[in-house]
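**Q** take this sequence and fold it.
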Amino acid sequence: MKSGQESVFQGMIGLEIHVYLTTREKLFCCCRASREKGLQANVNICPICTGMPGAKPMLPNKNAVEKAVLVGLMLGCKINERLIWQRKHYNWPDLPKGYQNTLSGTHAFPVGVNGKFYGIKVRSIHLEEDPASWEPSSGKVDYNRSGLPLVEIITEPDFSSSEEVGEWLKKLLHNLEYLKAVSSDAGIKVDVNVNIPGKTERVEIKNVNSIENIENAIDYELERQIREGSKRETRRFDEGKGTTVLMREKESADDYRFISDPDLGDIVINKKFISDIRERLPESPEVKLEKIIKKYKIDERNASVLARNLDIAEFFEKVAERIDAKFALPWITIELFRHLNYNKTSLDKIDIKVEHFVELLEMVKSGKITELQGKQFLNKFYPKSFSLRDVEGRIDDKKELERVCESVLMENKEAVQKYRSGDDKVLNFLVGEVMRKTNRRADFRVAREVLIRLLDN
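**A** Next up is the predicted model:
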């Protein structure tokens, strides 16, 4: 289905959404929980996550349990206080032990149940380990992913169209980003359950990996079921052809032979543990957006840019406590984003301190440095910011700066000629050279004044 085109068919649609938790280690071993693409195969592995005979799991990663509870609370779920690990058996090349450790199953107690998120009921949320990565065309298996902590969110079949699913998933992912509990780089894997009420049997479409593909898979499957009917089965989505393809007959819970895992004790969660995690819940993106608009009198478009990312929104709020919010706004929505995009990074991955950023803005606002010079300093805030106090007024003696300026002009005769031919822009370059020679200690205004005097003479 083309973007923006409305679905003609109404179905009964439920989702099983798998997202990766951000932890340093895997769920049951100390191997690094790496999710980056292009990593050499089978480097972050050990006997536990590769299912070697006799290998026993370690205690579950506490950080993964905490973050799973955090996700459950965000979804409005009731958190269970006793969690029982199950073995889910199936034979597939990506499952080294022949079973998956999970908090789902016939006799399991999921992390959370009976939630509701943006009008859609959430049946349960549970924690489990990820299988390995299997490439059917070559038969190769990469165990780097085996044992990564996954959260699975299971909705009730409350959706009726692909558009509803797409919009809801966008809100879910945005809210999960605010939690800082889920890896946004790793993406999502979604199993989609689709049928037409009263007409067709439920079909599961496995491992669809983008919102666009999820919407297209739903539209195709509804159309196919209208045309061909359906029986209970598992299919996959062929992105290239835009069709769903039969994988196998649909398994039931009995087929997985769920049993309690004798090697893993129950997880007991007390009410204080839950209440402590509840206090870590951030404001939702909608609440943050409304707060920014009202408190700082900022238009909705710019406020939306800020609220898109929690780190940026909180950074802006801290800056706005120290300097005029409207003056700071373009320095964040334009200049800071430019800085991050140029360095192909995000605010949480570099060290820009609020006090250093505010110092920079105050110097621009007071006229001690120009906007262009401010942008040049911001460019140097990578990977770490620095204080501008050493820059401000450190060398303001005209005679001392005259010697530096004369040296700069002698070394840059081509720039001098351009300036004297009417190209005023090279003046900023020459000022920058003075700053470089003085290790950023020269007073910008005095250096500029001395340079102009020397150039004009």
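**Q** where does pLDDT dip in the stretch 201-350 of the chain?
**A** 250-254 (pLDDT under 70).
**Q** and if you look at the stretch 351-457 of the chain?
**A** Residues of the stretch 351-457 of the chain that meet the cut-off, pLDDT under 70, sit at 390-396.
**Q** give me the phi and psi angles of K326.
**A** phi -70, psi -30 (degrees, to the nearest 10).
**Q** so it sits against I298, correct?
**A** Yes: counting by CB atoms under 8 Å, I298 is a contact partner of K326 at 7.3 Å. C-beta here means a position set from N, CA and C on the backbone, and glycine is covered the same way.
**Q** who has more neighbours out of the two?
**A** A direct count of neighbours by other CB atoms under 10 Å for K326 and I298 places I298 higher, at 21 against 12.
**Q** what helix or strand is the residue lying closest to that one once chain neighbours are set aside on?
**A** Closest residue in space to I298, ignoring its immediate chain neighbours: I292 at 5.9 Å, by CB to CB, 6 or more residues apart in numbering. Using DSSP states H and E, the element containing I292 is helix 285-296.
**Q** got the contact list for whichever helix or strand comes after that helix?
**A** Counting by DSSP H and E, the next helix or strand C-terminal to helix 285-296 is helix 300-307. Residues outside helix 300-307 that contact it (CB atoms under 8 Å, 6 or more residues apart in numbering): 285, 288-289, 292-293, 296, 298, 312-313, 316, 329, 332-333, 337.
**Q** check stretch 267-283 too.
**A** 60, 65-66, 69-70, 73-74, 79-83, 85, 178-179, 288, 291, 310.
**Q** how long is it from one end to the other?
**A** For stretch 267-283, the first-to-last residue distance is 28 Å (CA to CA, to the nearest Å).
**Q** likewise for stretch 132-152?
**A** 17 Å.
**Q** okay, buried residues for that stretch please.
**A** 132, 141-152 (16 or more other CB atoms under 10 Å).
**Q** and what of stretch 92-99?
**A** Neighbour-count burial for stretch 92-99, with 16+ other CB under 10 Å as criterion, is recorded at 94-97, 99.
**Q** how far does the helix holding I292 sit from its chain's centre?
**A** 21 Å (CA atoms, centre = their mean, to the nearest Å).
**Q** for stretch 10-27, same thing?
**A** For stretch 10-27, the distance to the chain centre is 14 Å (CA atoms, centre = their mean).
**Q** what number of residues lie near D456?
**A** 8.
**Q** so who does it touch?
**A** By CB under 8 Å, 6+ apart, no residues touch D456.
**Q** R420 versus that one, what's the distance?
**A** According to CB to CB, to the nearest Å, D456 stands 9 Å off from R420.
**Q** and what of P149?
**A** 66 Å.
**Q** contacts only, for K140.
**A** Contact analysis of K140 by CB under 8 Å, 6+ apart lists 41, 134.
**Q** any idea which helix or strand carries K116?
**A** Counting by DSSP H and E, K116 is part of strand 112-117.
**Q** sorry, back to before: restricted to buried residues, select the contacts of helix 300-307 in ChimeraX.
**A** Only the buried entries of the contacts of helix 300-307 go into this ChimeraX selection, using 16+ other CB under 10 Å:
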select :285,288,289,292,293,296,298,312,313,316,329,332,333
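**Q** which residues in the stretch 1-150 of the chain form strands?
**A** For the stretch 1-150 of the chain, applying DSSP state E, counting those that start in this stretch gives strands covering 12-20, 78-79, 82-83, 86-89, 99-102, 112-117, 120-129, 133-135, 140-142, 149-155.
**Q** right, I mislabeled it, should have said the stretch 201-350 of the chain
**A** 203-208, 233-238, 243-249, 259-260, 267-268.
**Q** the last one pairs with which strands?
**A** Its sheet considered, strand 267-268 pairs with strand 82-83 (antiparallel) by DSSP bridges.
**Q** show the contacting residues for the most centrally placed residue in the chain.
**A** Residue closest to the average C-alpha location in the chain (CA atoms, centre = their mean): S184, at 3.1 Å. Contact analysis of S184 by CB under 8 Å, 6+ apart lists 173, 176-177.
**Q** please redo it, this time with the cut-off set to 7 Å
**A** The neighbourhood of S184, defined by CB atoms under 7 Å, 6 or more residues apart in numbering, consists of E177.
**Q** tell me the SS of it?
**A** coil (DSSP: H, G, I helix; E, B strand; the rest coil).
**Q** per-residue pLDDT, it?
**A** If you check S184, the pLDDT there is 70.
**Q** still on that earlier bit, tell me which of the strands of the stretch 201-350 of the chain sits most buried.
**A** strand 203-208 (a mean of 19; mean count of other CB atoms under 10 Å).
**Q** that one packs against which elements?
**A** With contacts taken as 3 or more CB pairs under 7 Å, 6 or more residues apart in numbering; DSSP states H and E, strand 203-208 sits against strand 188-195, helix 211-228, strand 233-238.
**Q** between it and strand 233-238, how big is the angle?
**A** Counting by axes from the mean of the first three to the mean of the last three CA atoms, to 10 degrees, strand 203-208 points 40 degrees away from the direction of strand 233-238.
**Q** got a list of what the nearest residue to V192 once chain neighbours are set aside touches?
**A** In this structure, V192 finds its nearest non-sequential neighbour in I205, 4.5 Å apart by CB to CB, 6+ apart. Contact analysis of I205 by CB under 7 Å, 6+ apart lists 191-192, 194, 217, 221, 235-237, 244.
**Q** redo those residues as TSV? Include distance to H356.
**A** Formatted as TSV, the contacts of I205 follow (distance: CB to CB, whole Å):
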residue	distance to H356
D191	46
V192	47
V194	52
A217	48
E221	53
R235	54
R236	51
F237	48
T244	53
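**Q** hmm, back to that, who's in contact with the residue nearest to I298?
**A** 298, 303, 306-307, 313.
**Q** quick one: terminal-to-terminal distance for stretch 153-170?
**A** So stretch 153-170: terminal residues 14 Å apart, CA to CA.
**Q** show residues contacting it.
**A** With CB under 7 Å, 6+ apart as the criterion, stretch 153-170 contacts 1, 6-7, 10-17, 75, 118, 120-125, 193, 211, 214-215, 218-219.
**Q** how about it: buried residues?
**A** For stretch 153-170, a neighbour-count test (16+ other CB under 10 Å) marks 153-155, 157-166, 168-169 as buried.
**Q** ok, of those residues, which one's closest to E411?
**A** Set against E411, the nearest of the buried residues of stretch 153-170 by CB to CB is L169 (57.9 Å).
**Q** separation between K398 and V182?
**A** For K398, the distance to V182 - CB to CB - is 57 Å.
**Q** likewise for G54?
**A** Computed as CB to CB, the G54 to V182 distance reads 33 Å.
**Q** and for stretch 427-439, what's in contact with it?
**A** 372, 376, 395, 404-405, 407-408, 412, 415, 419, 442, 444, 447-448, 451.
**Q** can I get it in CSV, CA atoms only?
**A** The C-alpha coordinates for stretch 427-439 follow below in CSV (Å, rounded to 0.1, in the frame of the first residue of the first chain):
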residue,chain,number,x,y,z
LEU,A,427,38.3,38.9,8.3
ASN,A,428,36.7,36.1,10.3
PHE,A,429,39.3,33.7,9.0
LEU,A,430,42.1,36.0,10.2
VAL,A,431,40.5,36.5,13.6
GLY,A,432,40.3,32.7,13.9
GLU,A,433,44.0,32.5,13.1
VAL,A,434,44.7,34.9,15.9
MET,A,435,42.6,32.8,18.3
ARG,A,436,44.5,29.7,17.2
LYS,A,437,47.9,31.3,17.8
THR,A,438,46.8,32.5,21.2
ASN,A,439,45.2,29.2,22.1
